[in-house]
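Visitor: here is a sequence with its predicted model. Questions after.
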Amino acid sequence: MINAVIFDMDGLLIDSEPLWRKAEIKIFRERGIVLTENDCRGTTGMRVDEVVTHWSHTFPDVNLQINETVEAIMDEVTHLVKVEGKALPGVFEAISFFETMKTPMALASASSNALIDTVLTKLEIKEKLQVIQSAEFMNFGKPHPEVFIETAKRLNISVNECLVFEDSIYGVIAGKAAKMLVVAVPDRENFDKKGYCIADKKIRSMSLFNNAIWEELNQLNN
C-alpha cells in the first residue's frame, strides 16, 4: 500500500526548467561559455553545482569559478521564479487529491533550500508538505537515490510504501533506485525518451492523475 507521496519540484510542480535554461545560458555566456537550449536539457535533473562542474570540465580553458558561478545561477533562477514562475497544470488538484486520501506529502529536490522556499512561497503550498528535503548538502544528487531515501526516513515510512512523482530521467532513476514506485511526468519534448520506461506509470500532465491510476499503483505495491 502507498503510504506517502514524494514530489520533485523543478519541472513537476513549477514550470521552472525553461527558467533554469535561461539562467544557465545567460550566466555561462557571461563567463565565456556559449550553451544552447539542448545543451542545458542534457543536464536536467542534476544539482546546479554538478551542472557547473560538468561544463567546467567540458571547457577547461575558461577556468570557471565553480562556487561563484553556482551562486550567480541560483540568484538568476530565484529572480526568474519570483517574476515568471507558475504552477504546472494539475498540481493543486493532485495535492487536493492526496489531502482527501489523507496521504502524507513531501518534496525531494536537487535545488537549494533557498530556491525551494522561494518556489513553495510562490505557489503557496508549503504548509501542505510534511517533509521538505533538499539535496543541496548531500553527498550525491540525483540520479543517486540519497535524497529520496532520506525523505522516507524523515517521513518515518518505508521506501517501498512511497510514491514518487518526477519529470526528469535522472529523477526517475533515483526514485527506482530508492525502491519506490515512480510516476514519470515528462514534458512534451522528452515524453518519448526511452529512459522513462523504468517508471511504473508515465503521464503527460499531473492533471491526468486520477483515482484509477492511484488504484492501479496500489495494486502494484501489494
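Guide: In hand now; what should we look at?
Visitor: who are the contact partners of Asn218?
Guide: Counting by CB atoms under 8 Å, 6 or more residues apart in numbering, Asn218 touches Met1, Ile2. The C-beta positions use only the backbone N, C-alpha and C, and glycine is treated the same way.
Visitor: pLDDT score for it?
Guide: Note for Asn218: predicted pLDDT of 95.
Visitor: neighbouring contacts of the helix or strand bottoming out on mean pLDDT in the chain?
Guide: Here the helix or strand of the chain ranked lowest by mean pLDDT, DSSP states H and E is helix 37-41, holding a mean of 92. Contact with helix 37-41 is made by Trp20, Arg21, Glu24, Ile25, Glu189, Asn190, as judged by CB under 8 Å, 6+ apart.
Visitor: domain ranges for the protein?
Guide: 4-14+86-220, 17-84 (automatic domain parsing).
Visitor: and the helices in this protein?
Guide: Secondary structure of the chain by DSSP state H: the helices cover 17-30, 37-41, 48-58, 66-84, 91-100, 113-123, 146-155, 169-177, 211-220.
Visitor: from those helices, which stretch is densest packed?
Guide: Highest mean neighbour count among the helices of the chain (mean count of other CB atoms under 10 Å): helix 169-177, with a mean of 24.
Visitor: doesn't Ile198 make contact with Lys176?
Guide: Yes. Lys176 lies in contact with Ile198 (CB atoms under 8 Å); the separation is 5.3 Å.
Visitor: which residues are common contacts for these two?
Guide: Counting by CB under 8 Å, 6+ apart, the contacts common to Lys176 and Ile198 are Val182.
Visitor: so the residue located most distally from the centre of the chain versus Glu93, what's the distance?
Guide: Relative to the mean C-alpha coordinate of the chain, counting by CA atoms, centre = their mean, the farthest residue is Asp61 (31.2 Å). Per CB to CB, to the nearest Å, Asp61 is found 49 Å from Glu93.
Visitor: for stretch 169-176, the averaged confidence score.
Guide: Stretch 169-176 shows a mean pLDDT of 96.
Visitor: run the chain-centre distance for it.
Guide: Mean-position distance between stretch 169-176 and its chain equals 10 Å (CA atoms, centre = their mean, to the nearest Å).
Visitor: what does stretch 74-88 give?
Guide: In terms of CA atoms, centre = their mean, the centre of stretch 74-88 is set 15 Å apart from its chain centre.
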